[in-house]
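**Student:** sharing a model prediction with you, sequence too.
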Amino acid sequence: MASADLALDKGLPVNLDAERFVLGSIMMDDSLFVQVAGVLQAEDFALEKHRRIFLRMAELHERGERIDRVTVANELLKHGQLESCDGLTYLISLDDGLPRTSNVDGYVGIVRDKALLRRIIFTSQKLIDRCLIGEEEPEEILAGAEESLLKLNDLRGSAGLASPDDIIHEYEGGINAFLDPSKRIKGISTGFVKLDEMTGGFHPGELIILAARPAMGKTALALNIAQHVAAAKNKQTVAVFSLEMSKESLLTRMLCSAARVDSQKFRAGYLSQTERHRLQAAATQLAGAPLFIDDSAGTNLMDIHAKLRRLKAEHGLGLAVLDYLQLMSGRGRFENRNQEISSLSRGLKMLAKELGAPILVLSQLSRAPEVRQGDHRPQLSDLRESGSIEQDADVVAFIFREEVYKPDREDLRGTAELLLAKQRNGPTGKINLVFLRQWTKFENLAKDLDEPGGAPPPEEE
């Protein structure tokens, strides 16, 4: 943090009266220290002497002693700082002009806002200096910029604690709407009946992990869900970030899946007139869907953050899909890959909460299911490279197709299981699905659609 002279000479954002009134309010009523210390740090004060006074107050509070002019002056004297803080006279003057009814929350807010503005300025100046010096690679400077800006974002903090009364009164519609299940916010339908029944759909702020071994159909299932959300009757904007496949390949998959055309025949060019018509209809439908695909190589969390915020501002955001976690790189330096993946999963969870939209993240599994004797179904412990993925996720689901391990079993052809291994707000269990390999498409079982209320919403308007 800059010195007081620098802050004043260069016109940096400072409000010295608010800083004085914060400290003066504490001198008048030391019970306010806890309230102030929960929001401000010593570094938030622009003047060095204000920082020193605040630190000495903190030491007195930790020891359970009273905070007033005399005790603070004595504490400063013990540290050889009383003279640099302009002595007892300055401590006495801190409440000069302070209203009889102190608005300490207002003063704290001003000090905090000014401190954040100064941090933004200093961070930006450091980045400019690094760019001008040019001793580092641009990628390193960019990574440093991302880390610095995200740290500044963290300083904004959260809305704080709320009582049940606060939560109910802030809920749209009040207590009647809060207690009425029909009026509660419902999740986004995935198009899979049993999955929607068990999860209530994907909810805003959730981090959903979809994991499987290679060739099990992770991307296919994620794209099926993305298509349903973007093309159903109540269309919602979907963003798909692919770190593995090109946007052309993803679009080809979606078209073949929607048109029920064999993807191999499409690539080879051997299509019937009927199949061409179905592809044309699927292309027309997808062209009008609010679906956005990004296949940028080396995409990191800051890139995704910026793109999703821009997309939400322009089109809204219903769902984000990331394919897949292990291809992402984290910011800064990490001792090992586990720490890097842990940082990414935490960042994605925070991003989902900030954007108020579910994020579906695909993940690889370790080789443990392959070598496991008997049952090859995945377990939470199989999540690759980090146990924190399980901790950060609201939902963890695995795809399992036994036909991959037993290709000679005709009765297993096209059968698939979606295993809900973790769900914060609902049950876990197995969901049976159909996998149509030639169309790279998962579908509901016919019996699920026949059950009362089982028919999914129409996919076309």
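**Tutor:** Ah, there it is.

**Student:** what residues of stretch 25-40 count as buried?
**Tutor:** Ser25, Ile26, Met27, Met28, Asp30, Leu32, Phe33, Val36, Ala37, Leu40 (16 or more other CB atoms under 10 Å). The C-beta positions use only the backbone N, C-alpha and C, and glycine is treated the same way.

**Student:** the residue lying closest to the fourth one once chain neighbours are set aside in helix, strand or coil?
**Tutor:** By that I understand Met28. Nearest residue to Met28 in three dimensions, chain neighbours excluded: Asp95, at 5.9 Å (CB to CB, 6 or more residues apart in numbering). With DSSP: H, G, I helix; E, B strand; the rest coil as the basis, the three-state label of Asp95 is coil.

**Student:** what is the lowest-pLDDT residue among the buried residues of stretch 25-40?
**Tutor:** Minimum pLDDT for these is recorded at Ala37 (83).

**Student:** re earlier: farthest-apart pair in the buried residues of stretch 25-40, please.
**Tutor:** Within the buried residues of stretch 25-40, two members stand farthest from each other by CB to CB: Met28 and Leu40, at 16.9 Å.

**Student:** what about Glu443, neighbour count?
**Tutor:** Neighbours of Glu443 under the rule other CB atoms under 10 Å: 18.

**Student:** partners of it in the sheet?
**Tutor:** Beta-bridge partners for Glu443, by DSSP bridges, are Val434.

**Student:** Val434 is in contact with that one, correct?
**Tutor:** Yes - applying CB atoms under 8 Å as the test, Glu443 and Val434 come out as touching, 4.6 Å apart.

**Student:** between the buried residues of stretch 25-40, which is nearest Leu348?
**Tutor:** Nearest member of the buried residues of stretch 25-40 to Leu348, counting by CB to CB, is Leu40, at 30.0 Å.

**Student:** could you double-check that that closest one lies in contact with Ile110?
**Tutor:** No - contact between Leu40 and Ile110 fails when scored by CB under 8 Å: they sit 10.7 Å apart.

**Student:** please identify the helix or strand for the most centrally placed residue in the chain.
**Tutor:** In the chain, the residue lying closest to the centroid (CA atoms, centre = their mean) is Leu351, at 1.8 Å. Following DSSP states H and E, the helix or strand that holds Leu351 is helix 337-355.

**Student:** how many neighbours does Val111 have?
**Tutor:** Neighbours of Val111 (other CB under 10 Å): 25.

**Student:** picking that back up, show me the contacts for the residue nearest to the centre of the chain.
**Tutor:** Leu351 sits next to Leu301, Ile304, His305, Leu308, Ile359 when contact means CB atoms under 8 Å, 6 or more residues apart in numbering.

**Student:** the fourth one belongs to a helix?
**Tutor:** Yes - counting by three-state DSSP, Leu308 is found in a helix.

**Student:** what's near enough to touch it?
**Tutor:** Per CB under 8 Å, 6+ apart, neighbours of Leu308: Ala239, Leu317, Ala320, Leu351, Leu355, Ala357.

**Student:** how distant is the helix holding Leu351 from the center of its chain?
**Tutor:** In terms of CA atoms, centre = their mean, to the nearest Å, the centre of helix 337-355 is found 6 Å from the chain centre.

**Student:** for it, buried residues please.
**Tutor:** Buried residues in helix 337-355, counting neighbours by 16+ other CB under 10 Å, are found at 339-352, 355.

**Student:** kindly export that helix (C-alpha atoms) in PDB.
**Tutor:** Presented in PDB, the C-alpha positions along helix 337-355 are these (Å, rounded to 0.1, in the frame of the first residue of the first chain):
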ATOM      1  CA  ARG A 337      -1.200 -31.300 -10.300                       C
ATOM      2  CA  ASN A 338      -3.500 -32.200  -7.400                       C
ATOM      3  CA  GLN A 339      -3.200 -28.700  -6.000                       C
ATOM      4  CA  GLU A 340      -3.800 -27.200  -9.500                       C
ATOM      5  CA  ILE A 341      -7.000 -29.300 -10.000                       C
ATOM      6  CA  SER A 342      -8.100 -28.400  -6.500                       C
ATOM      7  CA  SER A 343      -7.700 -24.700  -7.300                       C
ATOM      8  CA  LEU A 344      -9.700 -25.100 -10.600                       C
ATOM      9  CA  SER A 345     -12.600 -26.900  -8.900                       C
ATOM     10  CA  ARG A 346     -12.900 -24.300  -6.200                       C
ATOM     11  CA  GLY A 347     -12.700 -21.600  -8.800                       C
ATOM     12  CA  LEU A 348     -15.500 -23.200 -10.900                       C
ATOM     13  CA  LYS A 349     -17.700 -23.600  -7.900                       C
ATOM     14  CA  MET A 350     -17.200 -19.900  -7.000                       C
ATOM     15  CA  LEU A 351     -17.900 -18.900 -10.600                       C
ATOM     16  CA  ALA A 352     -21.200 -20.900 -10.600                       C
ATOM     17  CA  LYS A 353     -22.300 -19.100  -7.500                       C
ATOM     18  CA  GLU A 354     -21.300 -15.700  -8.800                       C
ATOM     19  CA  LEU A 355     -23.100 -16.200 -12.200                       C
END
